[in-house]
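Participant: give me a 3D structure for the following:
(4 chains)
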Number of protein chains: 2
Amino acid sequence: MFSKACEYGIKASIYIALNSYDGNRVSLKEIAKEIDSPEAFTAKILQALVRDRIINSVKGAYGGFEIPKEQISSIKLSQIVNSIDGDSIYHGCGLGLNVCDENHPCPVHEQFATIRNDLKKMLQSTNLEQLALDIKSGASFLKV
Amino acid sequence: MFSKACEYGIKASIYIALNSYDGNRVSLKEIAKEIDSPEAFTAKILQALVRDRIINSVKGAYGGFEIPKEQISSIKLSQIVNSIDGDSIYHGCGLGLNVCDENHPCPVHEQFATIRNDLKKMLQSTNLEQLALDIKSGASFLKV
DNA sequence: TATAAATAGGATAAAACTATCCGAAATAAT
DNA sequence: ATTATTTCGGATAGTTTTATCCTATTTATA
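Facilitator: Numbering: from 1, shown residues only, chains lettered A, B, ... in the order given. Alright, predicted model coming up:
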């Protein structure tokens, strides 16, 4: 459903959020290890999230990535997805037509509109806090 | 959401169904033109659909692709998607975990399960007949 | 100030996906 | 039979995505 980059970005954000609760800044190396992702590639993705001000980075010794505690609950999955994969998942036609709307719908326009709308709502209503707490309580996992 | 190959496959199948109603076998060239897809690439995709017996092909002069009339309404979008993109869209984890189920869920397992289930249902309940009839009546379009 | 630890970012490589080319095989019509 | 048409399938090329490498820059600590 999402690109690899986006999957890594979501997992990394959750891991950063999780640690930011305890005031722990985490390094790229630690993140990549804990979410089981390629380090250098993950670095690129985190750079994008930093540029879009979804996470903070601190350079130099004892540096790393963090999210201000008070922001964790207001960061939605949609922001992360949008930063990495763009918004084509919302607006793009299910069959790749350049023009596809109510007036000129592709054959599966209606069917996809429903699914995409649900996906959109879900991404916009799911925040990092919920996801991080589930990891903390052991209800969910970031890797196998 | 789907690969280009899958998009072409769905559109091609609809166009073939549409013509098979009238007993018209259609050539690769005509299909590619009418769904606005690259010819040679579309050929590969149609070959896969033929191998999976979703459409029929007839070689040689006056050959082409067709779907037996009586089968059109029983061919589901899910069969086409499955033939081209595989079934990862149904079973794959939203965050790419190799193991992700009720017992060991990824952070967005619940949220995605709902969306994916709806998508699955939609693909399994939408058949080529419905889509072809909408094209025929001018209610939907295969290209811009 | 020197050093070590980290992120930033450009360049490059590998893999996957998309697309093209061309000859082989099949088939209808002449 | 020969020819024209059309799908089949292997080989190859282009593009995008994924991944790696290396150097520069930043910063805390000794």
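Participant: which strand or helix spans the closest residue to A:Phe41 other than its chain neighbours?
Facilitator: Of all residues not flanking A:Phe41 in the chain, A:Tyr8 sits nearest, at 7.0 Å (C-beta to C-beta, 6 or more residues apart in numbering or on different chains). (Glycine included, C-beta is placed from N, CA and C.) Taking DSSP states H and E as the definition, A:Tyr8 sits inside helix A:4-21.
Participant: next one: the helix or strand of chain A with the lowest mean pLDDT to chain centre, how far?
Facilitator: In chain A, no helix or strand scores lower on mean pLDDT, DSSP states H and E than helix A:88-91, which sits at a mean of 86. With C-alpha atoms, centre = their mean, to the nearest Å as the basis, helix A:88-91 stands 15 Å off its chain's centre.
Participant: on that earlier part again, may I see the buried residues of the helix holding A:Tyr8?
Facilitator: For helix A:4-21, the neighbour count (16 or more other C-beta atoms under 10 Å in any protein chain shown) marks A:5-20 as buried.
Participant: surely A:Leu142 touches A:Ala132?
Facilitator: No - look at A:Leu142 against A:Ala132 with C-beta atoms under 8 Å: they stay out of range, at 10.0 Å.
Participant: shared neighbours of the two, anything?
Facilitator: Counting by C-beta atoms under 8 Å, 6 or more residues apart in numbering or on different chains, the common neighbours of A:Leu142 and A:Ala132 are A:Ile14.
Participant: looking at these two, which is more packed in?
Facilitator: The residue with more neighbours, out of A:Leu142 and A:Ala132, is A:Ala132; 24 against 21, by other C-beta atoms under 10 Å in any protein chain shown.
Participant: might you enumerate the residues of chain A proximal to chain B?
Facilitator: When proximity is defined by C-beta under 8 Å from any C-beta of the partner chain, chain A lies next to chain B at A:1-2, A:4, A:7, A:10-11, A:14, A:77, A:89, A:92, A:94-99, A:104-109, A:111-112, A:114-116, A:118-119, A:122, A:126, A:131, A:134-135, A:139-144.
Participant: right, I'll call it a day here.
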